[in-house]
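Asker: Sequence plus predicted model, see below.
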Amino acid sequence: MQYFTRLAVIGAGAWGSALAQTARRAGRQVCLWAHEPETARAITEDHANPDYLPDVALDPGITATADLAQALAGAEAVLLVTPAQHLATVGAQAAAHWPLGRGGRPVPAVICAKGIALDSGRLMSQEAARVLPAGTPLAALSGPTFAAEVARGLPTAVTLACADAELGAALVETLGGPSFRPYLSDDLIGAEVGGAVKNVLAIACGIVEGRGLGDNARAALITRGLAEITRLAVALGGQPGTVMGLCGLGDLMLTASSLQSRNYSLGVAVGQGHSAAQVMAGRRAVTEGVSTAQALAGLAETLGVEMPICQAVNAIVHQDADLDDTISGLLNRPFKMEGN
Ligand SMILES: NC(=O)c1ccc[n+]([C@@H]2O[C@H](COP(=O)([O-])OP(=O)(O)OC[C@H]3O[C@@H](n4cnc5c(N)ncnc54)[C@H](O)[C@@H]3O)[C@@H](O)[C@H]2O)c1
Ligand SMILES: O=P(O)(O)OC[C@H](O)CO
């Protein structure tokens, strides 16, 4: 079975570090690019990432650099793991050093960020296609994956979406192992929409928890939220079945019920009366659902897709909407058929 031996991981936050660790566990060579030189130094010299993935011992074979050209040199595949709003900028810088593989073709890029571009409403694969060398093959990795658990080798399963089945199989072989099981899909759009929108729904579920609205309300939000993910995925050309997998339902179940989630915990704080801006100001880690909520509000309107939960989160987080009025507005919408 074909696989890639040398990987570049672009982004040394919690998830990039955990994926580098996963790749090492699968026997691959990894060079990790960090935005901050001090993070690169800590990973290479101390085998640790105290700022973004504390209390995890990293594989000593992981090397890190703050130099994109150095990280990309000789890579056979590249994982893009920056926060979503930085992916296009970093991708454009990386494009100048993008490695060529067999036949002089650009090596594949695997999108591991979960979000939607704020300025354009584009999915991350659309952003990557815009800034990477023409013809770069694209895949997306998404699913229920708290980085700290993955880094420690706890059992995890993900969706690996790629339109090219042969490339997808090679990527599964490259990263997969007993504690990290990628399931192959050919639906990049469905996988990306699931990973992006679940962060907004996790904020909503956190608000329910923080406001003391009960477990029934959370189950309702998860289920009706899944309907919103499905409607958007279909409108963008994805398949409803994808959303029922690890990258949709699976990730929503995880993120919408655990304080390990940055999106859920932000929602809890908002539900308790803090502003999202206050919570964000105290964090270095990215909370993708905040910008995704804003991007989605515009996208849903442009496409005519009904996404009332996501729009309510956007109103609370970005438009200073009153929490109780917004919840009341959601609950007082007209009754409807469940399938719609
Ligand atoms: N942490 C997880 O458990 C997890 C799991 C799956 C997917 N993801 C996704 O992975 C992506 C990265 O998240 P993370 O958790 O690794 O991040 P993080 O919160 O751990 O770290 C933030 C990252 O942003 C980088 N950064 C800050 N400013 C930057 C800039 N101007 N340009 C480029 N990079 C900059 C930092 O160097 C750091 O790598 C997100 O889209 C997230 O949703 C995260
Ligand atoms: O901590 P969160 O909310 O960014 O979630 C991390 C991962 O996306 C969970 O799959």
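Answerer: Arrived safely, thanks for sending. The shown structure was predicted, so the numbers you read here are calculated from the model rather than taken from an experiment. Ligands and ions are numbered 1, 2, ... in the order given.

Asker: Contact residues of this structure facing ligand 1?
Answerer: Residues of the chain lying near ligand 1 by CB under 6 Å from any ligand atom: 11-16, 34-36, 52, 81-84, 86, 90, 112-115, 145-147, 285-286, 288. Where you see a C-beta, it was placed from the backbone N, CA and C, and this is true even at glycine.

Asker: Please indicate which of those residues are buried?
Answerer: 11-16, 34-35, 52, 81-84, 90, 112-115, 145-147, 286, 288 (16 or more other CB atoms under 10 Å).

Asker: Among those residues, which lie within helices?
Answerer: Among those, the residues falling in helices (DSSP state H) are 14, 15, 16, 84, 90, 147, 288.

Asker: Which of the residues in the strand or helix carrying residue 92 are classified as buried?
Answerer: Here residue 92, judged by DSSP states H and E, is contained in helix 84-95. Across helix 84-95, burial judged by 16+ other CB under 10 Å covers 84, 85, 87, 88, 90, 91, 94, 95.

Asker: repeat for stretch 149-165
Answerer: Using 16+ other CB under 10 Å, the residues of stretch 149-165 that count as buried are 149, 150, 151, 156, 157, 158, 159, 160, 161, 162.

Asker: What of stretch 173-190?
Answerer: For stretch 173-190, by 16+ other CB under 10 Å, it's 174-176, 179-183, 185, 187-190.

Asker: quick one, what contacts residue 39?
Answerer: Contact partners of residue 39, counting by CB atoms under 8 Å, 6 or more residues apart in numbering, are 12, 49, 51, 52, 64, 66.

Asker: Closest to ligand 1 out of the residues you listed?
Answerer: residue 52 (3.9 Å; CB to the nearest ligand atom).

Asker: Next up, the contacts around residue 156.
Answerer: Applying CB under 8 Å, 6+ apart, the residues near residue 156 are 143, 144, 145, 149, 150, 179, 180, 181.

Asker: Report how many residues lie close to residue 339.
Answerer: 5 (other CB atoms under 10 Å).

Asker: Pull up the gap between it and residue 312, please.
Answerer: 22 Å (CB to CB, to the nearest Å).

Asker: Check residue 239 too.
Answerer: 27 Å.

Asker: Who has more neighbours out of these two?
Answerer: Of the pair residue 239 and residue 312, residue 312 is the one with more neighbours under other CB under 10 Å, namely 22 against 17.

Asker: Doesn't the more buried one lie inside a strand?
Answerer: No - if the criterion is DSSP: H, G, I helix; E, B strand; the rest coil, then residue 312 is helix and not within a strand.

Asker: Name all residues that make contact with it.
Answerer: 204, 321, 326, 327, 329, 330.

Asker: Surely the third one touches residue 315?
Answerer: What it means is residue 326. Yes - here residue 326 reaches residue 315: they are 5.6 Å apart, a contact under CB atoms under 8 Å.

Asker: Which neighbours do these two have in common?
Answerer: In contact with both residue 326 and residue 315: no residue, using CB under 8 Å, 6+ apart.

Asker: returning to what we had before: let me have the buried residues of helix 84-95 in JSON lines, adding pLDDT as columns.
Answerer: Formatted as JSON lines, the buried residues of helix 84-95 follow (pLDDT from 0 to 100):
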{"residue": "84", "pLDDT": "98"}
{"residue": "85", "pLDDT": "98"}
{"residue": "87", "pLDDT": "98"}
{"residue": "88", "pLDDT": "98"}
{"residue": "90", "pLDDT": "98"}
{"residue": "91", "pLDDT": "98"}
{"residue": "94", "pLDDT": "98"}
{"residue": "95", "pLDDT": "98"}
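
Asker: Now flag whichever of the residues you listed is closest to residue 57.
Answerer: The closest of these to residue 57 turns out to be residue 90 (CB to CB; 26.8 Å).

Asker: which stretch of helix or strand covers residue 190?
Answerer: Using DSSP H and E, residue 190 falls in helix 188-210.

Asker: what angle sits between that helix and helix 84-95?
Answerer: 150 degrees (axes from the mean of the first three to the mean of the last three CA atoms, to 10 degrees).

Asker: residue nearest the centroid of this structure?
Answerer: residue 114 (2.3 Å; CA atoms, centre = their mean).

Asker: Now do it against residue 188, distance only.
Answerer: Residue 114 is 13 Å from residue 188, by CB to CB.

Asker: Repeat that for residue 337.
Answerer: From residue 337 to residue 188 the distance is 30 Å (CB to CB).
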